[in-house]
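> Predicted model and sequence below, questions to follow.
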Amino acid sequence: MHFILVFFTVLILATEAVGQSVLFVRSQTLAQFFRLPPNPHSTEITPKMEATYQVAKTWSNYWGYDKRFVVDGQTSENSMQIKYGLPSHFEFVFEAHQREFSDVAMDEIAIRFHEIFHIPQDQRTKLETNKTQFSIPDFGLNIGEEDIGKKISTPVGLKLVKHFQSPDEQLRWFTAILWGGETSSQALRPRSFEDRGIQVGLSYPVATGEFLANGNYMIFKEMEDSQLYLKDRQWSLLLAYSIPYLGLRWHSQMQATESPFVNIGQLSEISYEIHWGITKIWGQWFGQFTILENVFWPFNTPDWGVSIALGSHRL
């Protein structure tokens, strides 16, 4: 994890102006393990006939224990996205993700954090650290050490976005339609390109920064032939605020996501996750560093996580 510190240092030392009103990190809640949630989308308009490209690496640590489930492990996710500007403020977007369980050591940091702030460990310290177990017996789901590195979710998606802005260019908003699905033969969901949805967003400058909101409504292919039953409708909401300071843009985001699980304790509650991050732009390139945390219901969101993103304003 030392290269994370190096990346963070590079961002701090860079001196160019900053932009990028939204973090490039998708929801890491358990509700999104096996399907394609849309990435948060900026209201910034991609210039006509130009393209932007961004990639991200995200590590998340999970812990949850109940009489009907056990969640203990780490995931690693690769993400990429290409945006292409079209006439009349339309935008075409392609994105792909790959998520797997990982053996990266993250438990010790979470345990130490809980000890410092006297937060209950919920029997976590009684188990061997940095092991993988994701078990919901009622659903016939049992993921263990032998599944580390297995591509549990490799979705791709397409998005058509239409941007709008007020005459004074202060208020900006967009509407988008999405289509995509699962590609991996190792995934818990069957291969399918029948997922679809809508996404709307707006942004407005407030005080010294910018407010941004995204709302999503997704319809997923039903999964009668899968070992895991999930609801086929799902909403999510993102609220974000960012401010420029010390040559960086500082982000605070909270995302609420409806759970696809039915009657499985905390796993069936709406998940709430917080993303804190910074963006640095130099020339046509930008970099982001994000820390992920849970809130309200600790068992259905990451205990903690980090994400690094790099991108170009033009391909």
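Thanks, I have it.
> Contacts only, for Leu160.
Phe90, Glu91, Phe92, Val93, Ala176, Ile177 (CB atoms under 8 Å, 6 or more residues apart in numbering). C-beta coordinates here come from the backbone N, C-alpha and C atoms, glycine included.
> Try it again at 7 Å.
Phe90, Phe92, Ala176, Ile177 (CB atoms under 7 Å, 6 or more residues apart in numbering).
> where does the stretch 1-150 of the chain have low pLDDT?
1-20, 105-130 (pLDDT under 70).
> does the residue in the chain sticking out farthest from the centre count as helix, strand or coil?
No residue in the chain sits farther from the centre than Pro167, which is 32.5 Å out by CA atoms, centre = their mean. Per DSSP: H, G, I helix; E, B strand; the rest coil, the local secondary structure of Pro167 is coil.
> hmm, back to that, by neighbour count, which of the contacts of Leu160 wins?
Using other CB atoms under 10 Å as the neighbour test, the contacts of Leu160 are led by Ala176, with 20 neighbours.
> ok, what's across the strand from that residue?
Val161, Gln199 (DSSP bridges).
> Tell me the pLDDT of it.
According to the prediction, Ala176 has pLDDT 98.
> Give me the distance between the residue farthest from the centre of the chain and Phe90.
20 Å (CB to CB, to the nearest Å).
> and if you look at Thr75?
Thr75 is 34 Å from Phe90, by CB to CB.
> And the helices in the stretch 1-150 of the chain?
Applying DSSP state H, counting those that start in this stretch to the stretch 1-150 of the chain gives helices spanning 2-13, 107-116.
> Could I get the contacts of Leu160 in CSV, plus columns for distance to His275?
Output for those, formatted as CSV (distance: CB to CB, whole Å):
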residue, distance to His275
Phe90, 28
Phe92, 26
Ala176, 20
Ile177, 25
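> so Phe220 makes contact with Gly197?
No. Using CB atoms under 7 Å, Phe220 is not in contact with Gly197; the gap is 8.5 Å.
> in its sheet, what does the host helix or strand of Phe286 sit against?
Using DSSP states H and E, Phe286 sits within strand 285-294. Strands adjacent to strand 285-294 in the sheet, as given by DSSP bridges, are strand 271-282 (antiparallel), strand 304-312 (antiparallel).
> pLDDT on that strand, on average?
94.
> Keeping just the C-alphas, turn that strand into PDB.
Below are the C-alpha coordinates for strand 285-294, written out as PDB (Å, rounded to 0.1, in the frame of the first residue of the first chain):
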ATOM      1  CA  TRP A 285      -4.600  14.900 -16.600                       C
ATOM      2  CA  PHE A 286      -6.300  14.500 -13.200                       C
ATOM      3  CA  GLY A 287      -5.800  12.300 -10.200                       C
ATOM      4  CA  GLN A 288      -8.100  11.400  -7.300                       C
ATOM      5  CA  PHE A 289      -7.700   9.800  -3.900                       C
ATOM      6  CA  THR A 290     -10.800   8.700  -2.000                       C
ATOM      7  CA  ILE A 291     -11.500   7.200   1.400                       C
ATOM      8  CA  LEU A 292     -14.700   5.100   1.800                       C
ATOM      9  CA  GLU A 293     -16.600   4.700   5.100                       C
ATOM     10  CA  ASN A 294     -19.900   3.300   6.300                       C
END
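> got the buried residues for it?
Neighbour-count burial for strand 285-294 flags Phe286, Gly287, Gln288, Phe289, Thr290, Leu292, Glu293, Asn294 (criterion: 16 or more other CB atoms under 10 Å).
> Was I right to think the second one contacts Leu310?
When you say that, I think you mean Gly287. Yes. Between Gly287 and Leu310 there is a contact under CB under 7 Å: 5.4 Å.
> count of residues packed around Ser242?
By the measure other CB under 10 Å, the count of residues near Ser242 is 24.
> What residues are bridge-paired with it?
Counting by DSSP bridges, Ser242 is bridged to Glu210, His251.
> how far away is it from Lys151?
Remark: distance between Ser242 and Lys151 (CB to CB) = 33 Å.
> Likewise for Phe286?
Where Lys151 is concerned, Phe286 sits at a distance of 28 Å (CB to CB).
> With Glu210 instead?
Following CB to CB, the distance that separates Glu210 from Lys151 is 36 Å.
> Have a look at the two and say which one is more surrounded.
The neighbour comparison of Glu210 against Lys151 (other CB under 10 Å) goes to Glu210, with 21 against 15.
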